[in-house]
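[1] sequence? don't have it. structure:
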């Protein structure tokens with residue numbers, strides 16, 4: 001049997017092992033949200049090489065600094081709102097189901113958070129050792145600081161998501177308009193009335209609580225109609241356009257080094273309204289995604305991403321840095337070590353994306369056990385595909401929820 005035949009056979013087994021009741025569109029939205037963030041970071045993050053000798057320096061830069069017309073790239077790949085939408089939907093549904101089965105809140109929460117913090121512990125351990133080794137070998141402290149900051153930057157997301165997960169019983173019935181009102185008033189105080197900048201950090205939980213509570217509303221059946229999805233898409237897009245064009249908010253939906261205001265750090269009202277538009281689009285595409293996921297190959301790819309979602313998210317910046325550091329042995333390479341200041345850099349960076357993906361695949365293989373748990377004994381069925389001979393495929397259990 002050839003390799004393509006083996007891949008198709010494995011995909012068929014995964015497809016047949018998935019229960020008919022599973023909402024594959026939810027898994028697809030989660031996978032696309034994670035991969036959107038990964039690709040976005042790889043496109044707007046540059047490590048520029050400097051210095052001479054055996055210890056070159058690296059500092060972070062962004063093509064958005066030099067080419068503001070690239071701002072639409074951030075519109076396509078800043079997909080965290082969709083991840084929080086799906087997270088709120090899945091967490092609310094899971095909590096209600098757990099309570100119905102008699103599972104206590106501490107037990108439910110510990111099971112959910114373990115999938116978040118086990119892979120995070122691996123990242124922290126590896127980078128603590130790597131930073132120490134770099135400093136002991138004479139690496140520039142500012143370079144080490146830049147690398148560690150970049151590697152650990154996804155942790156803020158993890159902490160916010162964990163906090164919202166822990167608060168799920170409290171926000172199950174919360175109307176998304178309440179956290180949206182908090183963001184609106186915080187921005188009014190900051191940008192309109194001259195309040196101190198630290199007040200903006202109130203938007204960190206409030207801003208991401210908006211799509212999270214939308215996910216809870218989805219679970220309650222309040223967002224199943226296309227009318228609600230169109231309202232979110234049109235209203236969010238119109239509000240974002242007005243805020244950017246008329247109120248002076250940045251056009252980029254990610255932070256730009258050196259910019260006076262960042263839409264993401266902490267979230268602004270423009271970032272939240274943009275997230276509303278994304279959530280509306282995700283809900284509109286749900287049925288179409290569900291049909292696409294009936295194809296075995298597409299569904300298997302989504303299942304694989306979901307089983308390693310946190311590993312992929314937490315290690316994607318490390319993959320970029322590993323390729324960048326290794327490439328220094330060959331000199332200053334375009335798109336990898338050069339200043340991101342023109343179309344040539346963009347063309348070169350696109351060539352490097354498959355290399356980053358390969359490095360991320362190595363990281364996933366090495367550390368996926370931290371997220372999925374220890375490898376099973378040979379005589380134990382897979383958690384991804386449970387094959388029971390003599391049973392109808394519809395009775396088999398499918399991929400575990402990521």
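    Noted; the coordinates are in hand. This one's a predicted model, so the numbers in the text were calculated from it and none came from an experiment.
[2] phi, psi of residue 229?
    Reported as degrees, to the nearest 10, the phi and psi values for residue 229 are phi -70, psi -40.
[3] check residue 220 too.
    Torsion angles at residue 220 (phi, psi; degrees, to the nearest 10) stand at phi -70, psi 0.
[4] now do the helices in the stretch 101-250 of the chain.
    Here the stretch 101-250 of the chain has its helices, by DSSP state H, counting those that start in this stretch, at 105-136, 141-152, 155-166, 168-171, 177-187, 203-219, 226-246.
[5] report the angle between the first one and helix 141-152.
    Helix 105-136 and helix 141-152 meet at an angle of 160 degrees, taking axes from the mean of the first three to the mean of the last three CA atoms, to 10 degrees as the criterion.
[6] point out the other helices and strands that helix 105-136 packs with.
    In terms of contacts (3 or more CB pairs under 8 Å, 6 or more residues apart in numbering; DSSP states H and E), helix 105-136 is packed against helix 80-100, helix 141-152, helix 155-166, helix 309-327, helix 343-372. From N, CA and C alone the C-beta is placed, and that goes for glycine too.
[7] got the buried residues for that helix?
    Buried residues in helix 105-136, defined by neighbour count with 16 or more other CB atoms under 10 Å: 108-109, 112, 115-120, 122-123, 126-127, 130-131, 134.
[8] as a whole number, average confidence for that helix?
    Across helix 105-136, pLDDT averages out at 92.
[9] next one: the last one
    The predicted model gives helix 226-246 an average pLDDT of 96.
[10] centre of the chain to the helix or strand just after it, how far?
    Helices and strands here follow DSSP states H and E; after helix 226-246, the next one along the chain is helix 269-292. Helix 269-292 has its C-alpha centroid displaced from the chain centroid by 15 Å (CA atoms, centre = their mean, to the nearest Å).
[11] and the angle for helix 269-292 with helix 80-100?
    Taking the same axes, to 10 degrees, helix 269-292 and helix 80-100 form an angle of 70 degrees between their directions.
[12] and residue 228, how many neighbours?
    Using other CB atoms under 10 Å, residue 228 has 17 other residues around it.
[13] how close does it sit to residue 85?
    Distance of residue 228 to residue 85, computed by CB to CB, to the nearest Å: 13 Å.
[14] residue 75: which of the helices of the stretch 101-250 of the chain is closest?
    helix 226-246 (9.1 Å; CB to CB).
[15] what angle do that closest one and helix 203-219 make?
    160 degrees.
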